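Novice: task: produce atomic coordinates for the following.
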Amino acid sequence: MKSNKSHTPSENRVSRAIVALLENPSVEKAAAAINVSPVTMWRWMQQTDFQARLRLARRRAYSQCVGRLQQASSAAVGTLPRIMTDLAVPAGSRVRAADSVLDHAARAIEIDDLDARISDLERAAEKSTLEIE
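Specialist: Numbering: from 1, shown residues only. So this is what the prediction gives:
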């Protein structure tokens, strides 16, 4: 789609629009938050540069969320064994905690195995490339 200069927002408006899109549940509410029409917001969202900046902002926001989850994981890891072994906790909760521990341990082993296999394949591919040269 060809960019139309009359619909190209200023740098400040782009930044405000991106924040509004991240903070609001709909394009309409995001547009209202920065006092533009939903049609204007939609037009901006069709521009390649705007789309790229919005994707980057979304990735950064998601990355921050993942970081917060990683920080909370230590507490979660401590909580599961406590629930699992506390006889005062209902049996169903202990079973769910035990199942969760086993499930996460199995997935960790699978991920570790996959990581080793990928590393082996990458080394083999690199060796193959060097032999061809």
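
Novice: alpha carbons only for contacts and neighbour counts from here, please
Specialist: OK.

Novice: does anything pack onto whichever helix in the chain runs longest? Which helices or strands?
Specialist: In terms of residue count, the longest helix belonging to the chain (DSSP state H) is helix 91-132. Packing contacts for helix 91-132, counted by 3 or more CA pairs under 8 Å, 6 or more residues apart in numbering; DSSP states H and E, involve helix 48-85.

Novice: now the angle from the helix it packs on to helix 91-132?
Specialist: 130 degrees (axes from the mean of the first three to the mean of the last three CA atoms, to 10 degrees).

Novice: now helix 48-85: mean pLDDT?
Specialist: Regarding helix 48-85, the rounded mean pLDDT is 94.

Novice: would you map out the domains in this protein?
Specialist: 1-72, 86-133 (automatic domain parsing).

Novice: distance check, the residue nearest in space to the middle of the chain against residue 69.
Specialist: Note on the chain: the residue nearest the mean C-alpha position is residue 62, at 3.9 Å, using CA atoms, centre = their mean. For residue 62, the distance to residue 69 equals 11 Å [CA to CA, to the nearest Å].

Novice: what do you get for residue 14?
Specialist: 29 Å.

Novice: more neighbours, the two?
Specialist: Using other CA atoms under 10 Å as the criterion, residue 14 and residue 69 rank with residue 14 on top: 19 against 12.

Novice: contacts only, for that one.
Specialist: Going by CA atoms under 8 Å, 6 or more residues apart in numbering, residue 14 touches residue 50.

Novice: relative to helix 48-85, how tilted is the one helix or strand it maps to?
Specialist: Per DSSP states H and E: residue 14 is located in helix 11-23. Interaxial angle, helix 11-23 versus helix 48-85 (the same axes, to 10 degrees): 30 degrees.

Novice: next, the buried residues of helix 11-23.
Specialist: Buried residues in helix 11-23, counted by 16 or more other CA atoms under 10 Å: 14, 15, 16, 17, 18, 19, 20, 21, 22.

Novice: equivalent analysis for stretch 59-72, please.
Specialist: Per 16+ other CA under 10 Å, stretch 59-72 contains no buried residues.

Novice: repeat that for stretch 18-38.
Specialist: 18-22, 27-31, 33, 37-38.

Novice: perfect, I'm done here.
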